[in-house]
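*Asks:* sequence first, then the predicted structure, then my questions.
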Amino acid sequence: MNAIILCGGLSTRLGDITKDIPKILLKIGDKTVLDWQLEKLRSVGVKEVVLAAGHLASVLVKDIGFARDGMTIIYAIEDKKLGTGGAIKHGMQYVLNPNDPTIILNGDVLTTIDLDDMVSRMPEKSDGIILGSYVEDVASYGTLNYDDKYHLKEFKEKEGVHKPGYQNGGVYIFNASIKKYFPTSDAFSVEYDVFPKVKDLYVYESDRSWIDVGLPERLEWAKDNWKDFN
């Protein structure tokens, strides 16, 4: 099982908080966001993790090095902005077992999902599975439309409608077949340019604790409630 953490964004929504430090190195309770995510990956036997880095990559390399908590760290450093899809495409060039499934984590997400259970729910011959996390207000999130067999019918990006629902939780497990849907360009969005084309994606529905720490108020909430993620 491969793993990629997407941590190359500019983090503009956090302003000066991430002026000199990558978002993934922010402390939530007694651990960094990266440490929370490595712990989750370790639970499913992952031993090597690709960090798809860009902005402040030198800070990341200096602070983390090439090993962390017994896991090998591999860097896929962008020399230009690639977008979410481009970062995944680029990161997949660095995984050690390219024909095996790859877990993708957005570098600003904390969740208490059972990742091993999510892995087990992905149909073997599918293109992959997406975490669908329940939130009380999906207005600022991409939402997932899927059938009673959890087959993804449509991905809707940030409609601005205030209602509860299951949104794109920023955790994906892709089989190698996902690559055939990648554009030939270097920079693209996985949400806009890949998901609408993929024929066989599934949703892992979860009501468990989840937070995207990419906004100051969400970051503060996570710092105040970090024990919810133990």
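*Replies:* Thanks, I have the structure now.
*Asks:* which SSE is immediately downstream of the longest strand along the chain?
*Replies:* The longest strand of the chain (DSSP state E) is strand 165-174. Once the chain leaves strand 165-174, the next helix or strand it forms, by DSSP states H and E, is helix 190-193.
*Asks:* average pLDDT across that next one?
*Replies:* When pLDDT is averaged along helix 190-193, the result is 92.
*Asks:* with stretch 172-181 instead?
*Replies:* Mean per-residue pLDDT for stretch 172-181: 97.
*Asks:* return the set of buried residues in that stretch.
*Replies:* For stretch 172-181, the neighbour count (16 or more other CB atoms under 10 Å) marks 172-176, 178, 181 as buried. Where you see a C-beta, it was placed from the backbone N, CA and C, and this is true even at glycine.
*Asks:* stretch 195-212 too?
*Replies:* By 16+ other CB under 10 Å, the buried positions in stretch 195-212 come out as 195, 198, 201-206, 210-212.
*Asks:* widest-spaced pair of those residues?
*Replies:* Val198 and Ile211 (26.3 Å; CB to CB).
*Asks:* against Tyr172, how distant is the spatially most distant residue from the centre of the chain?
*Replies:* The outermost residue of the chain relative to its centre, with distances by CA atoms, centre = their mean, is Asp148 at 24.4 Å. Using CB to CB, to the nearest Å, one obtains 21 Å as the distance from Asp148 to Tyr172.
*Asks:* would you confirm that His55 contacts Pro22?
*Replies:* Yes - assessed by CB atoms under 8 Å, His55 is found in contact with Pro22 at 7.1 Å.
*Asks:* the more surrounded of these two?
*Replies:* Set His55 next to Pro22 and count neighbours by other CB atoms under 10 Å: Pro22 wins out with 26 against 18.
*Asks:* using CSV, write out every CA atom in stretch 204-223.
*Replies:* The C-alpha atoms that make up stretch 204-223 are tabulated as CSV, following Å, rounded to 0.1, in the frame of the first residue of the first chain:
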residue,chain,number,x,y,z
TYR,A,204,-16.9,5.5,2.2
GLU,A,205,-19.6,7.1,4.3
SER,A,206,-18.5,8.2,7.8
ASP,A,207,-20.2,10.1,10.7
ARG,A,208,-17.0,10.1,12.8
SER,A,209,-15.0,13.2,13.8
TRP,A,210,-13.5,15.1,11.0
ILE,A,211,-12.0,18.6,10.5
ASP,A,212,-10.2,20.6,7.8
VAL,A,213,-7.8,22.9,9.6
GLY,A,214,-7.3,25.1,6.6
LEU,A,215,-9.3,28.1,8.1
PRO,A,216,-8.3,30.0,11.3
GLU,A,217,-11.5,29.2,13.1
ARG,A,218,-11.3,25.5,12.2
LEU,A,219,-7.7,25.4,13.3
GLU,A,220,-8.6,26.9,16.6
TRP,A,221,-11.5,24.4,17.0
ALA,A,222,-9.1,21.5,16.4
LYS,A,223,-6.6,22.9,18.9
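*Asks:* now tell me what touches it from outside.
*Replies:* 11, 13-15, 17, 23, 26-29, 33, 106, 108-113, 117-118, 121-122, 129-135, 150, 166, 169-170, 228-229 (CB atoms under 8 Å, 6 or more residues apart in numbering).
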